[in-house]
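Trainee: quick one, what's the 3D model for this:
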Amino acid sequence: MRSPTERSLKYARERDYSPGILERWTYIPVGGGAWKPHKKHDWFGFDIGCAHPTKRPLFIQTTSSSNHAARVTKLLLIPEVKMLAGWADLEVNSWGPRKKGGKEYTVGRIERLVLDAFGELVVERQPDVWATRPKPKRRKPAERSTLLRDLYG
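Mentor: Take a look at the predicted model:
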């Protein structure tokens, strides 16, 4: 299954943007030359930055569908996001499964953060993005090893 970030990258490319990932992990040593992920860092709350030759820059916070409201609230509380909204397009994209008419779909919920006439950030809901989900491949049952079959019949 694709991650929400992968889905948002694909969706940005379909709209002719050139996306790049802004989110990074810091790692800490755990001994023996090994490292483990420690903390996730993103750019003012955004995971993806996109460029386009004729449109404003686009910054995307991507998440799962169950976490959408928390991400929108988080962005509204970051003071720099209001400054960014003046010169860039800001979106929160969330992705999750949904059933409709007996078929399974992956649905993208898109909300834009824009400045209103009074300079305040407001949330605008965009139409959902629907994509059919491929049916999971059924795995054939594993055959017993010939050695085990010979030993145990």
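Trainee: which parts of the chain are strands?
Mentor: 18-21, 24-31, 34-41, 48-51, 58-64, 89-100, 103-115, 121-125, 129-132 (DSSP state E).
Trainee: most tightly surrounded among those strands?
Mentor: Greatest average neighbour count among these goes to strand 58-64 (a mean of 22), per mean count of other C-beta atoms under 10 Å. Every C-beta, even on glycine, is put in place using the N, C-alpha and C of the backbone.
Trainee: list the strands paired with that one, with their directions.
Mentor: Strand 58-64 pairs in its sheet with strand 48-51 (antiparallel), strand 89-100 (parallel), by DSSP bridges.
Trainee: save those as JSON lines, and put in distance to residue 118 too.
Mentor: Converted to JSON lines, those look like this (distance: least, C-beta to C-beta, whole Å):
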{"stretch": "strand 48-51", "distance to residue 118": "27"}
{"stretch": "strand 89-100", "distance to residue 118": "17"}
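Trainee: hmm, back to that, okay, the strands of the chain in CSV with mean pLDDT and distance to residue 7 next?
Mentor: Shown next, in CSV, are those (pLDDT from 0 to 100; distance: least, C-beta to C-beta, whole Å):
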stretch, mean pLDDT, distance to residue 7
strand 18-21, 95, 12
strand 24-31, 85, 20
strand 34-41, 83, 18
strand 48-51, 96, 11
strand 58-64, 93, 7
strand 89-100, 87, 5
strand 103-115, 85, 7
strand 121-125, 90, 18
strand 129-132, 74, 8
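Trainee: for those, give me JSON lines that also has distance to residue 71.
Mentor: Output for the strands of the chain, formatted as JSON lines (distance: least, C-beta to C-beta, whole Å):
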{"stretch": "strand 18-21", "distance to residue 71": "16"}
{"stretch": "strand 24-31", "distance to residue 71": "18"}
{"stretch": "strand 34-41", "distance to residue 71": "13"}
{"stretch": "strand 48-51", "distance to residue 71": "13"}
{"stretch": "strand 58-64", "distance to residue 71": "5"}
{"stretch": "strand 89-100", "distance to residue 71": "5"}
{"stretch": "strand 103-115", "distance to residue 71": "9"}
{"stretch": "strand 121-125", "distance to residue 71": "11"}
{"stretch": "strand 129-132", "distance to residue 71": "17"}
